[in-house]
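Novice: Give me a 3D structure for the following:
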Amino acid sequence: MPRFRSDLDAIKPYSAGRATAEVATRLARLASNEWPEEPFPEVVAAIEAAGRTVNRYPDNSVRELTNAMATYLDVPEDHLMFGGGSNSLLLFTAMATGGPGTSAVYADPSFKLYYISTVSVGARPIEVPLDDDHRHDLDAMAAAIDDDTTIVYVCNPNNPTSTHVSGTDLRRFVDAVPRSVLIAIDEAYVEFATAADFESGLSLALERDNVVVYRTFSKFFGLAGLRLGCAIGRPETLGYIRRVALPFGASSVAQSAAVAALGASDRMAERVHQNEAQRKAVLDELAALGIATADSQANFIWMQADAGTLGALEAAGVLTRDYGSGWLRVSIGNDTDNRQFLDALAGYVGR
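Specialist: Numbering: from 1, shown residues only. All right, here's what the predicted structure looks like:
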């Protein structure tokens with residue numbers, strides 16, 4: 001047996017949401033926060049065309065996509081970096097900032113990769129509980145920053161609780177964090193946030209060299225199977241992250257699909273309204289059933305559940321994500337998925 005790092009024994013590998021189950025009914029896949037519909041025809045066409053060139057390495061400079069994304073976000077091109085999903089970019093950031101003798105601060109519960117990235121580079125995790133409303137406790141997170149802290153993660157909206165912090169609170173937090181600490185703002189679900197006080201951290205990333213924002217094409221853009229993410233920050237900051245990034249991280253197929261998806265941004269905007277309407281309908285029915293939920297600003301909801309809920313839903317063909325805390329994360333699907341989930345839950349509650 002080869003000799004591995006002994007500290008890796010403490011890391012529990014990331015567990016993805018279930019995609020299959022042995023049930024004699026239609027599956028409603030509500031465990032992974034995916035967009036429930038297939039890509040637009042022009043995106044599929046771009047994928048097919050790019051497939052004919054996969055004998056060649058992708059463009060490592062990501063020129064065409066960089067131009068399209070810069071236009072979409074209205075940011076300078078040299079403020080963008082791409083990789084194989086935002087999670088790979090977050091890992092590269094942990095590698096560039098952390099190591100033995102350093103620490104990282106993040107909320108709990110939040111995206112599991114923050115813990116995995118922290119421990120994998122030999123840094124010390126500092127987990128700060130969410131507040132009573134399942135939101136980041138930014139004051140407590142600022143107070144938790146230690147002399148050896150090099151990075152703080154803020155997931156906004158938060159995964160798995162679907163909640164957000166306001167733009168005012170986020171900016172106040174950034175002001176309170178030492179400039180020597182990098183603030184990684186994970187905005188995987190930013191497009192779904194509709195609260196009046198929500199603000200992206202994009203302007204902060206353009207202003208400050210210790211703020212980087214992370215976006216993904218997996219959720220809103222519906223390209224989860226292609227693994228593509230983007231980091232937005234000051235060129236000098238991204239330059240250090242690039243030093244540890246693997247080459248050719250964004251595949252040619254993913255790049256072509258993303259350019260096509262960005263070209264359909266007018267129709268993409270309809271997804272915001274579609275998700276908001278479906279989310280409200282689901283939350284309203286859960287409230288009618290007497291089930292507690294968090295205030296969702298994402299394409300999923302966070303709901304209280306007893307020990308039998310998960311099994312009852314799975315028996316009805318509904319796959320959700322259990323966090324072992326008395327709460328379930330449930331993705332917002334299409335009409336059929338949501339109806340299957342709500343009917344199964346109503347049947348269990350009224351048993």
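Novice: For the top helix by length along the chain, buried residues please.
Specialist: Longest helix in the chain by number of residues (criterion: DSSP state H): helix 265-288. Applying a neighbour-count criterion of 16 or more other Cβ atoms under 10 Å, the buried positions in helix 265-288 are 268, 271, 274-276, 278-279, 282-283, 285-286. Quick note: C-beta positions are derived from backbone N, CA and C, even for glycine.
Novice: Throw the residues you listed into JSON lines and include distance to A205, thanks.
Specialist: Formatted as JSON lines, those follow (distance: Cβ to Cβ, whole Å):
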{"residue": "M268", "distance to A205": "22"}
{"residue": "R271", "distance to A205": "24"}
{"residue": "Q274", "distance to A205": "28"}
{"residue": "N275", "distance to A205": "24"}
{"residue": "E276", "distance to A205": "26"}
{"residue": "Q278", "distance to A205": "30"}
{"residue": "R279", "distance to A205": "27"}
{"residue": "V282", "distance to A205": "32"}
{"residue": "L283", "distance to A205": "31"}
{"residue": "E285", "distance to A205": "38"}
{"residue": "L286", "distance to A205": "35"}
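Novice: after the longest helix of the chain, next one along is what?
Specialist: The C-terminal neighbour of helix 265-288 among helices and strands, as given by DSSP states H and E, is strand 300-304.
Novice: Buried residues of that following strand, list them for me.
Specialist: Buried residues in strand 300-304, defined by neighbour count with 16+ other Cβ under 10 Å: 300-303.
Novice: can you check stretch 230-246 too?
Specialist: Using 16+ other Cβ under 10 Å as the test for burial, stretch 230-246 gives 230-234, 237-238, 241, 245.
Novice: Mind picking the two most distant members of those?
Specialist: R234 and A245 (16.2 Å; Cβ to Cβ).
Novice: Show the residue spans covered by the helices in the protein.
Specialist: 41-51, 63-73, 86-97, 113-120, 138-144, 167-176, 202-207, 235-242, 252-262, 265-288, 309-315, 335-349.
Novice: Mind listing the residues bridging to A184?
Specialist: Assessed by DSSP bridges, A184 has beta-bridge partners Y153, V212.
Novice: ok, back up a step: now the buried residues of helix 265-288 in a markdown table, with distance to H134 and pLDDT?
Specialist: Output for the buried residues of helix 265-288, formatted as a markdown table (distance: Cβ to Cβ, whole Å; pLDDT from 0 to 100):
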| residue | distance to H134 | pLDDT |
| --- | --- | --- |
| M268 | 28 | 85 |
| R271 | 24 | 92 |
| Q274 | 24 | 95 |
| N275 | 19 | 96 |
| E276 | 19 | 96 |
| Q278 | 20 | 97 |
| R279 | 16 | 98 |
| V282 | 17 | 98 |
| L283 | 14 | 98 |
| E285 | 20 | 97 |
| L286 | 15 | 98 |
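Novice: Quick one: residues contacting A307.
Specialist: With contact set as Cβ atoms under 8 Å, 6 or more residues apart in numbering, A307 has no partners.
Novice: next one: M141
Specialist: Here M141 is in contact with 105-107, 128, 152, 154, 173 (criterion: Cβ under 8 Å, 6+ apart).
Novice: nearest to D7, of those?
Specialist: Nearest to D7 among those, with distances taken as Cβ to Cβ, is Y106, at 18.3 Å.
Novice: which one is V44 nearest to, not counting chain neighbours?
Specialist: Excluding its sequence neighbours, the residue lying closest to V44 (Cβ to Cβ, 6 or more residues apart in numbering) is E38, at 7.4 Å.
Novice: That neighbour against A224, yeah?
Specialist: No: distance between E38 and A224: 11.6 Å, which falls outside the contact criterion (Cβ atoms under 8 Å).
Novice: Report how many residues lie close to the residue nearest to E199 when sequence neighbours are not counted.
Specialist: Once flanking residues are discounted, E199 sits nearest to G167: 2.6 Å by Cβ to Cβ, 6+ apart. Taking other Cβ atoms under 10 Å as the neighbour definition, G167 ends up with a count of 18.
Novice: so G167 makes contact with A195?
Specialist: No: distance between G167 and A195: 9.7 Å, which falls outside the contact criterion (Cβ under 8 Å).
Novice: Any figure for the gap between S251 and E42?
Specialist: 18 Å (Cβ to Cβ, to the nearest Å).
Novice: more crowded one of these two?
Specialist: A direct count of neighbours by other Cβ under 10 Å for S251 and E42 places S251 higher, at 17 against 14.
Novice: re earlier: residues making contact with the longest helix of the chain?
Specialist: 35, 40, 72, 191-192, 194, 220-221, 261, 293, 296, 299, 301, 303, 330, 332-335, 338, 341-342, 345-346.
Novice: Just give me the neighbour total for I126.
Specialist: Using other Cβ under 10 Å, I126 is surrounded by 18 other residues.
Novice: Could I get the contacting residues of it?
Specialist: Residues near I126 by Cβ under 8 Å, 6+ apart: 103-106, 144-146, 149.
Novice: Distance to M95 added to the contacts of M141, as TSV?
Specialist: As requested, the contacts of M141 are exported to TSV (distance: Cβ to Cβ, whole Å):
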residue	distance to M95
V105	17
Y106	16
A107	21
V128	22
V152	16
V154	19
F173	24
